[in-house]
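> from the sequence below, what's the structure:
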Amino acid sequence: MHPLNRASLCLFLGALALFVFGLMNNNRRATLPVLSERLSPDGVPETSCDDALVRDSFAQMGLPQPPAFDGTDPVPTQEVLKRVRAWQESGSPELLGELGMMFFALGEDPVAITYLAAARADDPSNPWWHYFLGAACQRQGHRAKAIELFGDFQTRARPYPPLFARLGQLHLELKNYVKALTYYERYRELEPTQSLAYIGLGRVLLAQDQPEAALEKLQKAVALANNDFMAYRFLGRALLATGAKEAAIEATRKAESLPQYNGWLMFDPKLGQAFKMARSQTYLSNELKKAFGNNEMERAQILVDELIRRRPKDLELVYSKVNIYLKQNNPAPALPIIEKALLLAPDDLTLLLNKARALFMNMNIAAAEAEVDRLYRLDPNNAAVFELKARCLFQRGQRPQALRFMQKAVVLDQDNLGFQFVLGVMCMESGLKDEARTCFEGILKQAPNHAGAKAQLARLDALK
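Next up is the predicted model:
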């Protein structure tokens with residue numbers, strides 16, 4: 001993303017009339033150079049072209065200069081060129097605007113602003129060019145200009161809920177708290193089931209040093225969307241401000257465990273349309289996080305496969321693909337994927353740990369334990385290794401040894417409630433009722449609504 005200062009933005013807008021005249025007198029039939037694909041040294045597909053020739057052809061057509069295409073992801077580049085060719089046929093301002101939206105989605109804000117401003121000058125009645133210009137200015141930090149452009153949008157369009165959330169955030173950043181509350185309330189009226197409304201209200205109230213009132217709003221946000229990391233993040237801050245330190249730690253831990261999606265892509269459908277048109281990796285990655293957060297494993301599978309085609313050696317994507325199979329309790333197809341990735345990264349701890357987990361889930365306990373022992377040699381203080389070793393030992397009936405390893409896992413990662421829960425279950429299955437009760441009660445002190453711990457305590461009570 002390239003920064004734009006206010007001076008350059010004003011100069012650009014002042015020169016726009018000359019540019020539009022150029023658009024009306026262009027040679028739209030200029031030939032676009034051929035863009036091919038090559039593999040980078042890392043095996044990633046990328047665009048291969050002469051950027052100077054591309055710039056010349058755009059200039060001959062009277063189009064604003066594009067960003068550099070050489071070395072970029074070929075999928076969005078080809079999507080851009082499709083619309084350029086369509087514009088050559090029609091000269092439609094709609095296509096100019098769509099190009100601006102796509103460049104915005106690709107993070108090319110200066111180029112996006114040029115195209116969107118051209119579309120707005122050619123067809124000022126279309127409110128979306130004003131909206132996306134405002135969004136680009138907002139992302140560049142030009143708050144006053146963004147507010148002005150969003151005002152232009154309001155006069156030309158029916159109420160669009162995300163606009164009010166954007167204005168709320170802008171006025172929050174400008175410390176205009178009364179206006180910020182007004183806009184977030186308007187957004188809440190239009191979208192009463194969206195967590196973003198209550199997150200925004202909570203943030204403004206926190207900024208006004210009203211943590212109790214903020215806490216009420218943020219608790220509502222969490223109730224509406226228990227997979228929204230932003231809701232939990234600000235809930236943690238509100239809880240800490242009200243003195244609930246342990247609950248604040250729990251909320252913050254929950255926030256960090258959830259998919260860190262792009263907020264505006266989650267709540268702004270028109271923005272999502274721009275990213276979808278560009279078929280950008282940002283869009284796909286955000287959709288993948290949303291799919292994981294909503295436990296939509298089939299959609300996650302489709303998205304991760306498309307991303308892997310574009311980043312075949314990205315281990316994070318391999319982790320995601322493996323996790324999909326493990327979440328579906330289907331370890332068999334995960335194993336060959338892990339083995340192939342290990343050829344590239346033989347000592348990758350995440351891959352080795354997932355291999356051990358897949359083997360364990362496949363009930364190949366001996367092989368799983370062999371991998372765990374290898375992991376221990378590589379990382380002797382990894383709590384997850386001790387936890388998996390404990391599971392292997394417990395499965396083989398060596399319960400006292402299993403409990404020792406599980407206790408060590410809990411010591412190494414004292415904030416991991418999942419480990420404490422496994423230890424409690426192992427204690428209960430071993431007849432150690434008092435120790436099991438201590439584990440489950442300890443979990444409830446940190447997480448009072450932990451359903452599993454409550455259920456296990458009820459089982460213990462029934463055994464009295």
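> count of neighbours near S40?
For S40, the count of nearby residues is 10 (other Cβ atoms under 10 Å). No exception for glycine: its C-beta is placed from N, CA and C like everyone else's.
> now do the contacts for it.
S40 sits next to 46, 71 when contact means Cβ atoms under 8 Å, 6 or more residues apart in numbering.
> quick check: buried residues in the helix or strand encompassing A453?
Element membership of A453, judged by DSSP states H and E, is helix 451-462. For helix 451-462, the neighbour count (16 or more other Cβ atoms under 10 Å) marks 453, 456-457, 460 as buried.
> please save the CA atoms from that helix in PDB.
Output in PDB follows, covering the C-alpha atoms of helix 451-462 (Å, rounded to 0.1, in the frame of the first residue of the first chain):
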ATOM      1  CA  ALA A 451     -19.800 -26.600  29.600                       C
ATOM      2  CA  GLY A 452     -17.400 -29.500  29.700                       C
ATOM      3  CA  ALA A 453     -16.200 -28.900  33.200                       C
ATOM      4  CA  LYS A 454     -19.700 -28.400  34.400                       C
ATOM      5  CA  ALA A 455     -20.800 -31.700  32.900                       C
ATOM      6  CA  GLN A 456     -17.900 -33.600  34.400                       C
ATOM      7  CA  LEU A 457     -18.600 -32.200  37.800                       C
ATOM      8  CA  ALA A 458     -22.200 -33.300  37.500                       C
ATOM      9  CA  ARG A 459     -20.900 -36.800  36.700                       C
ATOM     10  CA  LEU A 460     -18.700 -36.700  39.800                       C
ATOM     11  CA  ASP A 461     -21.700 -35.600  41.900                       C
ATOM     12  CA  ALA A 462     -23.800 -38.400  40.500                       C
END
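> show me what that helix is packed against.
For helix 451-462, the packing partners by 3 or more Cβ pairs under 8 Å, 6 or more residues apart in numbering; DSSP states H and E come out as helix 417-429, helix 433-446.
> by how many degrees do the shortest one and helix 451-462 diverge?
Using axes from the mean of the first three to the mean of the last three Cα atoms, to 10 degrees, the inter-axis angle of helix 417-429 relative to helix 451-462 is 20 degrees.
> give me the contact list for helix 417-429.
383, 387, 390-391, 394, 399, 402-403, 406-407, 409-410, 413, 433, 435-436, 439-440, 442-443, 446-447, 450, 452-453, 456, 459-460.
> A helix includes W129, no?
Yes - counting by DSSP: H, G, I helix; E, B strand; the rest coil, W129 is found in a helix.
> isn't it up against R120?
Yes - between W129 and R120 a contact is recorded at 3.8 Å, counting by Cβ atoms under 8 Å.
> more neighbours, the two?
W129 (29 against 26).
> convert the C-alpha atoms of stretch 225-245 to PDB, please.
Provided in PDB are the C-alpha atoms of stretch 225-245 (Å, rounded to 0.1, in the frame of the first residue of the first chain):
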ATOM      1  CA  ALA A 225     -21.100 -13.500  17.600                       C
ATOM      2  CA  ASN A 226     -19.100 -15.900  19.800                       C
ATOM      3  CA  ASN A 227     -16.500 -16.300  17.000                       C
ATOM      4  CA  ASP A 228     -15.800 -12.500  16.700                       C
ATOM      5  CA  PHE A 229     -12.200 -11.900  17.900                       C
ATOM      6  CA  MET A 230     -12.700  -8.100  18.000                       C
ATOM      7  CA  ALA A 231     -15.700  -8.500  20.300                       C
ATOM      8  CA  TYR A 232     -13.600 -10.600  22.800                       C
ATOM      9  CA  ARG A 233     -10.600  -8.300  22.500                       C
ATOM     10  CA  PHE A 234     -12.500  -5.200  23.500                       C
ATOM     11  CA  LEU A 235     -14.600  -7.200  26.100                       C
ATOM     12  CA  GLY A 236     -11.200  -8.000  27.700                       C
ATOM     13  CA  ARG A 237     -10.300  -4.300  27.900                       C
ATOM     14  CA  ALA A 238     -13.700  -3.500  29.400                       C
ATOM     15  CA  LEU A 239     -13.400  -6.300  32.000                       C
ATOM     16  CA  LEU A 240      -9.900  -5.100  32.900                       C
ATOM     17  CA  ALA A 241     -11.200  -1.500  33.300                       C
ATOM     18  CA  THR A 242     -13.900  -2.700  35.700                       C
ATOM     19  CA  GLY A 243     -11.400  -4.700  37.800                       C
ATOM     20  CA  ALA A 244     -12.400  -8.200  36.600                       C
ATOM     21  CA  LYS A 245      -8.800  -9.300  35.900                       C
END
